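1. Structure here, sequence nowhere to be found:
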């Protein structure tokens, strides 16, 4: 049987077209049912945002998207982006409510790097706040935390309040001997971890540290930076049902933003079982303290297991050194490392009982 010219030509052509068809199918796999491919991935940085059917003064709302939600960007026009949600809903949203993949990745990295950091103090938010990638009001942010939310404070940093703005003076490091010099207006920021284990920078003035009232009353005009329960005592004569009482280490500083140290003084509050009240068992001033402060316990032979805490302090050369202390209620003493020489106490550093 002789094959026709058609059959001789058709099948080789089909074999050549088959790979092209596979390529087209793969390309279409990245398209939705309307044939629109995603330009990039964005995330919602506002508490919620409206999806509209068109970019016009008069529009219909087709849905809403929430903070942190992942969106595919299909098209951009002036101040709006057409997006698609994970459920396939499409609509236009204002671009100012979106951040890019890089911002999301940076916050994920920040979280991973600081997820296991020790908590310096618990805090409560005064207002709704944004979690920033780096300190600063104009820096990128994604997640928004609501007023009243509880957070864990991890670190402190400063950022310029307004570029070019000057303040009267910025205090210099303790013991530096340098005079106060005019400089840029700075404000404090806290690195915090929220209840969902997300980490970001928050303006410090938006957070109230949750200091126990029995301790907060002894602030003497200073600002609490960190506090830790060193141990607990049981006081049978204490009023109320709870007879367990914590003894605290507190780090404080002057109530000013932009200081070159995280704290410049510590106090240890112990409980007087006879008078049923807190007393200042130890205080030390003139520190150039840097967070974190770490708290644990140690075995001291005849003294037994005692609470210990370690400070990180800058010396006159700018080097960060560790200072270790132990609490054998009501006495607090330095624990010297091998070869370490005890420094001469500064006049301001003293131990006393509160009257």
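-> Noted; the coordinates are in hand. Predicted, not measured: the structure shown is a model, and the values here were computed from it.
2. Can you pull out the low-pLDDT segments for this protein?
-> Counting by pLDDT under 70, the ranges of the chain that qualify are 1-36, 162-183, 339, 342-355.
3. Could you break it into its assigned domains?
-> Split into domains by automatic domain parsing, the chain comes to 40-101, 115-175+183-210, 211-355.
4. so which of the ones you listed comes closest to residue 107?
-> Of all the domains of the chain, it is domain 115-175+183-210 that lies closest to residue 107, at 5.5 Å by Cβ to Cβ. All C-beta atoms are positioned from the backbone trio N, CA, C, and that covers glycine.
5. my read: residue 100 touches residue 40, true?
-> Yes: Residue 100 is within contact range of residue 40, at 6.8 Å (criterion: Cβ atoms under 8 Å).
6. now the helices: where do they sit in the stretch 51-200 of the chain?
-> For the stretch 51-200 of the chain, the helices identified by DSSP state H, counting those that start in this stretch occupy 101-114, in order along the chain.
7. So which residues of it form strands?
-> With DSSP state E, counting those that start in this stretch as the criterion, the stretch 51-200 of the chain has strands at 61-66, 70-77, 80-84, 90-94, 98-100, 121-125, 129-132, 141-145, 150-160, 166-170, 181-184, 186-193, 199-203.
8. Provide a list of residues in contact with residue 246.
-> Taking Cβ atoms under 8 Å, 6 or more residues apart in numbering as the definition of contact, the neighbours of residue 246 are 212, 229, 230, 231, 232.
9. Any chance of those residues in a markdown table with distance to residue 129 as columns?
-> Compiled in a markdown table, the contacts of residue 246 are given as follows (distance: Cβ to Cβ, whole Å):
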| residue | distance to residue 129 |
| --- | --- |
| 212 | 24 |
| 229 | 27 |
| 230 | 31 |
| 231 | 34 |
| 232 | 33 |
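10. Give me the buried subset of the residues you listed.
-> Neighbour-count burial (16 or more other Cβ atoms under 10 Å) applied to the contacts of residue 246 gives 230, 231.
11. out of the contacts of residue 246, which one sits closest to residue 219?
-> Comparing the contacts of residue 246 against residue 219 with Cβ to Cβ picks out residue 212 as the nearest, at 11.8 Å.
12. Give me the distance between the closest one and residue 275.
-> For residue 212, the distance to residue 275 equals 18 Å [Cβ to Cβ, to the nearest Å].
13. And residue 230, by the same measure?
-> Residue 230 sits 19 Å away from residue 275, taking Cβ to Cβ as the criterion.
14. Verify the contact between residue 324 and residue 337 for me.
-> Yes: shown here, residue 324 and residue 337 form a contact pair, counting by Cβ under 8 Å, at 7.1 Å.
15. the more surrounded of these two?
-> Neighbour tally, residue 324 and residue 337, criterion other Cβ atoms under 10 Å: the higher count belongs to residue 324, 16 against 9.
16. Could you list the paired strands of the helix or strand the more buried one falls within along with their orientation?
-> Under the criterion DSSP states H and E, the helix or strand holding residue 324 is strand 320-328. Paired neighbours of strand 320-328 in the sheet (DSSP bridges): strand 305-314 (antiparallel), strand 331-335 (antiparallel).
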